[in-house]
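Peer 1: have a look at this fold, sequence not included:
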């Protein structure tokens, strides 16, 4: 998949850009790598070309043009724009992409999108993370030295005039990404949709902060004694990544915007809304982080959609089962009470004390069972006494069937 990045620079030393493209640099400090003699080391393989510079060096041509038009003389002026087209590592094997072919595509892209600008185009065969992705660097002087036609991403007449500066607007980036996708489609290279953003948007600064933090953490862990080494590799997380996790945790349980903001506030994060856009202010910052810098999952539309889903899910889970009509419910409850609720003074079953003792019941339970059985025997005699039976008649009525059962011949 090809990706497209933009970096603006206020560095007045145009030669530093060419030096970075042609010499080895440390990926963390961005300082040149020196050999044992203290001299700069050329990169092993690269292709480089300049456009609209004539016979002069890129840095000399840019400074001469700036003096001619009186531009880029202030410290706060953007002196150059750095664009990077990074191709998929699989393109080299599957689609025959070479460094020379990528360089030709980069020069074509530069001539088409940045006419009238002095530029340097350089292609490297591998990335700083050694992933094998061929990538093209396009560095242009922010000053335009020629009159150019009105291009689709331009929105004002000054964007075509000589002596005016290039502006990398949101509309321009959308257009450039679409052109990169079209270029890859035409050349049969791997490509993804660059126009619909990403769930997690990792900027160049955050990427390097994570890389440097992870390297420092790995170094600290390696210095620990063997018995103190962690069982699992320790992962470094940037402040933005911690904020993303806090927002996702709040979104997993909240069902309304107010509840979502309250859950985040408990963690010290304040949610702000301005002109339909969300931003998040953490305790260690004075300026909030916009949802755009975090990713598409954290903007207002995505947050409200997820909160609505949570609300529907919660409503479905708490929905009550329809009750019986009142008359049916009362009849069922009354019948159940008659069947299951014994009378307070009624006759209950006697307890088999021997069986309970075999189950492991203690002496206290056995004493209670003896009293219980006596009460039930007395209640039984009293109940039958109401109908005119004497204790002797009850004994006779009990033992007669037993004698008949025992003496009856087997059938």
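Peer 2: Yep, that arrived. A quick note: this is a predicted structure, and the numbers were derived from the prediction, not measured.
Peer 1: quick one, strands of the stretch 251-400 of the chain?
Peer 2: For the stretch 251-400 of the chain, the strands defined by DSSP state E, counting those that start in this stretch cover 270-274, 277-281, 289-290.
Peer 1: partner strands of the second one, with direction?
Peer 2: So the one you mean is strand 277-281. Under the criterion DSSP bridges, strand 277-281 sits next to strand 270-274 (antiparallel), strand 289-290 (antiparallel) in its sheet.
Peer 1: pick the most buried one from the ones you listed.
Peer 2: Neighbour counts (mean count of other C-beta atoms under 10 Å) averaged over each of those peak at strand 289-290, with a mean of 17. For every residue, glycine as well, the C-beta is placed using N, CA and C.
Peer 1: ok, residues contacting that one?
Peer 2: 240, 243, 277-282 (C-beta atoms under 8 Å, 6 or more residues apart in numbering).
Peer 1: got these as TSV, with neighbour count and distance to residue 271 columns?
Peer 2: Formatted as TSV, the contacts of strand 289-290 follow (neighbours: other C-beta atoms under 10 Å; distance: C-beta to C-beta, whole Å):
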residue	neighbour count	distance to residue 271
240	22	15
243	22	11
277	13	11
278	24	6
279	18	8
280	22	6
281	17	8
282	18	11
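Peer 1: re earlier: can I get the strands paired with strand 277-281 in TSV including mean pLDDT and distance to residue 127?
Peer 2: Shown next, in TSV, are the strands paired with strand 277-281 (pLDDT from 0 to 100; distance: least, C-beta to C-beta, whole Å):
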stretch	mean pLDDT	distance to residue 127
strand 270-274	90	36
strand 289-290	89	27
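Peer 1: closest one to residue 171 among those?
Peer 2: strand 289-290 (18.2 Å; C-beta to C-beta).
Peer 1: ok now the longest helix anywhere in the chain, how far from the chain's centre?
Peer 2: The longest helix of the chain (DSSP state H) is helix 363-385. Taking C-alpha atoms, centre = their mean, to the nearest Å, one finds helix 363-385 lying 70 Å from the centre of the chain it belongs to.
Peer 1: what's the answer for stretch 242-257, then?
Peer 2: The answer for stretch 242-257 is 10 Å, by C-alpha atoms, centre = their mean.
Peer 1: how about that stretch: buried residues?
Peer 2: Within stretch 242-257, the residues scored as buried using 16 or more other C-beta atoms under 10 Å are 243-244, 246-247, 250-251, 254-255, 257.
Peer 1: and what of stretch 144-156?
Peer 2: By 16+ other C-beta under 10 Å, the buried positions in stretch 144-156 come out as 144-145, 148, 153-154.
Peer 1: which residues does residue 298 contact?
Peer 2: So residue 298 contacts 244, 247, 278, 280, 291 (C-beta under 8 Å, 6+ apart).
Peer 1: pLDDT score for it?
Peer 2: Predicted confidence (pLDDT) for residue 298: 88.
Peer 1: state the distance from it to residue 251.
Peer 2: Taking C-beta to C-beta, to the nearest Å as the measure, residue 298 falls 9 Å from residue 251.
Peer 1: overlap of the contact sets of these two?
Peer 2: Joint contacts of residue 298 and residue 251 (C-beta under 8 Å, 6+ apart) do not exist.
Peer 1: which non-adjacent residue is nearest residue 210?
Peer 2: residue 238 (5.2 Å; C-beta to C-beta, 6 or more residues apart in numbering).
Peer 1: how about the one you found, what does it touch?
Peer 2: Contact partners of residue 238, counting by C-beta under 8 Å, 6+ apart, are 206, 209-210, 213.
Peer 1: just the buried residues out of the residues you listed, in ChimeraX syntax.
Peer 2: To isolate the buried members of these in ChimeraX, using 16+ other C-beta under 10 Å:
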select :206,209,210
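Peer 1: next step: the contacts of residue 238 restricted to strands.
Peer 2: Among those, no member falls in strands (DSSP state E).
Peer 1: three-state assignment of the nearest residue to residue 116 once chain neighbours are set aside?
Peer 2: Closest residue to residue 116 apart from its sequence neighbours, by C-beta to C-beta, 6+ apart: residue 146 at 3.7 Å. Recorded secondary structure, residue 146: coil (DSSP: H, G, I helix; E, B strand; the rest coil).
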